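S.K.: Predicted model follows, preceded by the sequence.
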Amino acid sequence: MEGTHGLSPGTTCGYRRAVTDQTDTHAVYGAPPADVVETPAGATRYSPLVPGSQNLEDVAPGSLARVTMLAPPGTVERRYAVALALRALPVGGRLTLAAPKDKGGSRLRKELEAFGCTPTEDSRRHHRICIVKRPETVTGLDQAIAEGAPRLDDGLGLWTQPGVFSWDRIDPGSALLVKHLPPMAGEGADLGAGVGFLAHAILRSPKVEKLTLVDIDRRAVEAAKRNVADPRAEILWSDVRSTGITPASLDFVVMNPPFHADGTEDRHLGQTFIRQAASLLRRGGVLWLVANRHLPYEKVLAELFRTATPRQDTGGYKVFEAIK
Ligand SMILES: C[S@@+](CC[C@H](N)C(=O)[O-])C[C@H]1O[C@@H](n2cnc3c(N)ncnc32)[C@H](O)[C@@H]1O
């Protein structure tokens, strides 16, 4: 069944309609740079990192005419996304894949060939671009989809998925924070909550009345929903900058903020998280934060909080307690 997913030009599964009706059925995955590949206006967005966008996992086989994808950097995650795209296309449907050369781009062609495709390859602005027409017979899609799918990791004791932050190990910074975190009380948030590792520890305190977990990655949010089955928890697929949480309403925020965006270090992102935490906390509310030692967060903490006290500085990580 995997060979064609039952679709060929002669079937009645919508193939002929799909390949001619490109405005309705052109999907874009990720955010391909406009100067690398063109994405038609009106294409539907399918990206786990864009809140509110559609889910490629849910697309019926053969129902998209074209997919344009900025391929993710991780090999398992990339093969998973490409396999989902090939499954979503009918025979003859077009897949345009782009990736920076040093983040999977140089492997795109071989990976597509392994799926039974015959890509053309081009280079632009440090990216490789491969274009394929979905062939009649593809191989290995089911295996790639199974390898990249959500799973319960017995070692972690958590649901997780390749591609989410620290998906197959506990982040040492988060482990340090949990070790030194006192019991929280009242209403709070875990900003950039990932699959819910910190939230587990926070919810051990019976004095916590409500905890809002926020993450921009749908896969992490789905995993967190399975990992944090506590009626006090609310789990939001959202950018931390637009959560809808009432400003100055929280008693506490706990977080291990991100410092990478699109695979490169972005110190401003962590500082943005600190600003958001400050705006959500009531006066007297507390922020517990862990960060890699080299990240410059002291200045922004001093500006926005009445006190900011280093509580730990171990193994390359620092933990702060800051009072609004
Ligand atoms: C360093 S990880 C921490 C994950 C988790 N709290 C832990 O300790 O394992 C940071 C998290 O922030 C999320 N993130 C990145 N940018 C975000 C944004 N703009 N809004 C919300 N979450 C974001 C990432 O998806 C990632 O899960």
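M.R.: Okay, I see it.

S.K.: helix/strand/coil for Val178?
M.R.: Local secondary structure at Val178 is given as helix here, using DSSP: H, G, I helix; E, B strand; the rest coil.

S.K.: do the same with the one 5 residues further on
M.R.: Here Pro183 is recorded as coil under three-state DSSP.

S.K.: got it, and Ala199?
M.R.: Here Ala199 is recorded as helix under three-state DSSP.

S.K.: Would you enumerate the residues in contact with it?
M.R.: By CB atoms under 8 Å, 6 or more residues apart in numbering, the residues touching Ala199 are 190, 193, 211, 213, 224, 227-228, 233. Yep, even glycine has a C-beta here, placed from its N, CA and C like the rest.

S.K.: for the most centrally placed residue in the chain, what are its contacts?
M.R.: Computing the C-alpha centroid of the chain and ranking residues by CA atoms, centre = their mean puts Asp217 first, at 3.1 Å. With contact taken as CB under 8 Å, 6+ apart, Asp217 is in contact with 48-49, 163-165, 194.

S.K.: how many other residues sit next to Pro310?
M.R.: Around Pro310 sit 11 other residues, with neighbours defined as other CB atoms under 10 Å.

S.K.: From what I see, it and Ala302 are in contact.
M.R.: No. If you go by CB atoms under 8 Å, Pro310 and Ala302 don't touch, sitting 11.7 Å apart.

S.K.: Which residue, other than its chain neighbours, is closest to Val164?
M.R.: Of all residues beyond its chain neighbours, the one nearest Val164 is Ala220 (4.4 Å), with distances taken as CB to CB, 6 or more residues apart in numbering.

S.K.: Surely the one you found is in a helix?
M.R.: Yes. Inclusion of Ala220 in a helix is indicated when three-state DSSP is applied.

S.K.: burial measure for Gly140, as a count.
M.R.: Every residue meeting other CB under 10 Å relative to Gly140 is counted, giving 16.

S.K.: same check, this time on the one 4 residues further on
M.R.: If you count neighbours by other CB under 10 Å, Ala144 ends up with 23.

S.K.: now do Thr118
M.R.: Thr118 is surrounded by 10 other residues when neighbours are defined as other CB under 10 Å.

S.K.: Run through the residues that contact the closest residue to Leu70 other than its chain neighbours.
M.R.: The spatial neighbour of Leu70 that comes closest, neighbours along the chain excluded (CB to CB, 6+ apart), is Gly30 at 3.5 Å. Neighbour list for Gly30: 47, 49, 69-72 [criterion: CB under 8 Å, 6+ apart].

S.K.: which ones among those come in contact with the ligand?
M.R.: Taking CB under 6 Å from any ligand atom, there is no overlap between the contacts of Gly30 and the neighbourhood of the ligand.

S.K.: out of the contacts of Asp217, who's nearest the ligand?
M.R.: Compare each of these with the ligand using CB to the nearest ligand atom and the shortest gap goes to Gly194, at 2.8 Å.

S.K.: Helix or strand for that closest one, just tell me which one.
M.R.: Using DSSP states H and E, no element contains Gly194; it sits outside every helix and strand.

S.K.: Give me the phi and psi angles of it.
M.R.: As for Gly194, its main-chain torsions (degrees, to the nearest 10) stand at phi 60, psi -140.
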